[in-house]
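Chemist: Here's my sequence, what's the structure:
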Amino acid sequence: MSLKPVLTGLIVVLGVSLLFGILAPGRATANAPHLSLAESWPKADEELAESPEEVRLRFTEAPQMNGTSLRLRPMDADPLDIGKTIATAEDDKIVVASIPMRLEYGTYEVLWRAMARDGHVVRGDFQFEFRVER
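Modeler: Just a heads-up that it's a prediction; the model follows:
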């Protein structure tokens, strides 16, 4: 019996499996991070006419608060002393940190870190601008 048809069949099965990601371990949905940033207030690249009183982030799932934090810093400066990052009572997917002072006009960067239930840590940042109305 010839091995050529058997080998050809195996090659076809492996090729189709790889094509559709069946045998590709990096494609398994269980390995994909579940938690991601869904929305922010202020929004990324938003231009504000009033100083915000808080930074609020909504994630796709509730983060573990012991691994979640927000920092706010003026561009090219040290982070500001803002309130503790907490989950809101109405929705545990939303975290907030108060801004206890009026911000100076300028561009600010929000740096965030969130930990999913499985321990996976996700980080990100975005900017907004507080400026005089024109």
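Chemist: where does the chain dip in pLDDT?
Modeler: For the chain, the stretches with pLDDT under 70 are 1-33, 134.
Chemist: ok, which stretches of the protein are helices?
Modeler: Assigned by DSSP state H, the chain shows helices spanning 4-19.
Chemist: all strands for this structure, in order.
Modeler: 37-41, 47-48, 54-59, 64-74, 86-87, 94-98, 106-115, 121-130 (DSSP state E).
Chemist: Can you check what angle separates the longest one from strand 54-59?
Modeler: Taking axes from the mean of the first three to the mean of the last three Cα atoms, to 10 degrees, one finds that strand 64-74 is oriented at 130 degrees with respect to strand 54-59.
Chemist: So which bits of strand 64-74 are buried?
Modeler: If you call a residue buried by 16 or more other Cβ atoms under 10 Å, then strand 64-74 has these buried ones: 64, 68-72, 74. (Each C-beta comes from the backbone N, C-alpha and C, glycine too.)
Chemist: Redo the strands of the chain as a markdown table? Include distance to residue 80.
Modeler: Shown next, in a markdown table, are the strands of the chain (distance: least, Cβ to Cβ, whole Å):
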| stretch | distance to residue 80 |
| --- | --- |
| strand 37-41 | 17 |
| strand 47-48 | 15 |
| strand 54-59 | 10 |
| strand 64-74 | 5 |
| strand 86-87 | 17 |
| strand 94-98 | 10 |
| strand 106-115 | 8 |
| strand 121-130 | 12 |
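Chemist: domains in the chain, as residue ranges please.
Modeler: Residue ranges for the domains of the chain, per automatic domain parsing: 1-32, 33-130.
Chemist: Any idea how far the last one is from the middle of the chain?
Modeler: It refers to domain 33-130. Relative to its chain's centre, domain 33-130 lies at 10 Å (Cα atoms, centre = their mean, to the nearest Å).
Chemist: Residue 112: what's it in contact with?
Modeler: With contact taken as Cβ atoms under 8 Å, 6 or more residues apart in numbering, residue 112 is in contact with 37, 57, 68-71, 123-125.
Chemist: Since that was my last question, I'll sign off now.
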